[in-house]
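Participant: Here's a sequence, model it:
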Amino acid sequence: NRFCATSNNRTGFLCDDSVTCVPASQVCDRVSHCRNGEDEQEKLCGDLPHSLPGYLVFRCSNPTHWVYADRRCNGMNDCGDCSDEMGSLAACPPCGLEWWSCNPVLYEYCSCIPRRLCRDGVQHCISWSDEYIC
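Facilitator: So this is what the prediction gives:
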């Protein structure tokens, strides 16, 4: 089993050295992060996502879409339908301190926007709460 947790508590892939934990989304990215290149081997990367261990993959609501497991609950709409942020399978915690909760207009986000976008003169929430309340 090569499951590991990265420094920011995201899902990762453990290299042969039993020390290096590669974030899931950096596995099979054509760049070797493990000393021996095991994160880029053909048997792992030959038929994405089927060749990947299940813990590295998150399946979106749309069965033809998938994302790397460390992209789940990252605040971004990686699945295209927000199932990686709001779906029952995602089981994400509520918005953190760095986020403002609303119904964003921009589909890049789902139910929270980064607080740095508050009062920036651009509407991100349908209610405009990011410009008036946040």
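
Participant: quick one, strands of this structure?
Facilitator: 3-5, 11-14, 21-23, 57-59, 66-68, 99-101, 112-114 (DSSP state E).

Participant: Residue 10 touches residue 70, doesn't it?
Facilitator: Yes - checked against CB atoms under 8 Å, the pair residue 10 and residue 70 is within contact range at 3.9 Å. In this view, the C-beta of every residue, glycine as well, is placed from N, C-alpha and C.

Participant: what residues do these two have in common as contacts?
Facilitator: Common neighbours of residue 10 and residue 70, counting by CB atoms under 8 Å, 6 or more residues apart in numbering, are 23-24.

Participant: Those two: which has the busier surroundings?
Facilitator: When residue 10 and residue 70 are compared for neighbours, residue 70 comes out ahead with 22 against 19, by other CB atoms under 10 Å.

Participant: What residues does that one make contact with?
Facilitator: Applying CB under 8 Å, 6+ apart, the residues contacting residue 70 are 6, 10-12, 23-25.

Participant: if we go to 7 Å?
Facilitator: 10-11, 23-25 (CB atoms under 7 Å, 6 or more residues apart in numbering).

Participant: May I ask which of those has the most neighbours?
Facilitator: Neighbour max across the contacts of residue 70 (other CB under 10 Å) = residue 24, 26 neighbours.

Participant: list the contacts for it?
Facilitator: 11-13, 56, 68-70.

Participant: Now residue 33. Nearest residue, chain neighbours left out?
Facilitator: residue 22 (4.3 Å; CB to CB, 6 or more residues apart in numbering).

Participant: ditto for residue 107
Facilitator: Residue 107's closest residue in space is residue 77 (CB to CB, 6+ apart), at 5.8 Å.

Participant: And that neighbour, its phi and psi?
Facilitator: phi -80, psi 70 (degrees, to the nearest 10).

Participant: Can you give me the neighbour number for it?
Facilitator: Going by other CB under 10 Å, the residues that sit close to residue 77 add up to 19.

Participant: Now distance to residue 121 and pLDDT too, for the contacts of residue 24, in a markdown table please.
Facilitator: Output for those, formatted as a markdown table (distance: CB to CB, whole Å; pLDDT from 0 to 100):
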| residue | distance to residue 121 | pLDDT |
| --- | --- | --- |
| 11 | 36 | 96 |
| 12 | 38 | 98 |
| 13 | 41 | 98 |
| 56 | 39 | 97 |
| 68 | 34 | 98 |
| 69 | 36 | 97 |
| 70 | 32 | 96 |
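
Participant: Good, we can wrap up now.
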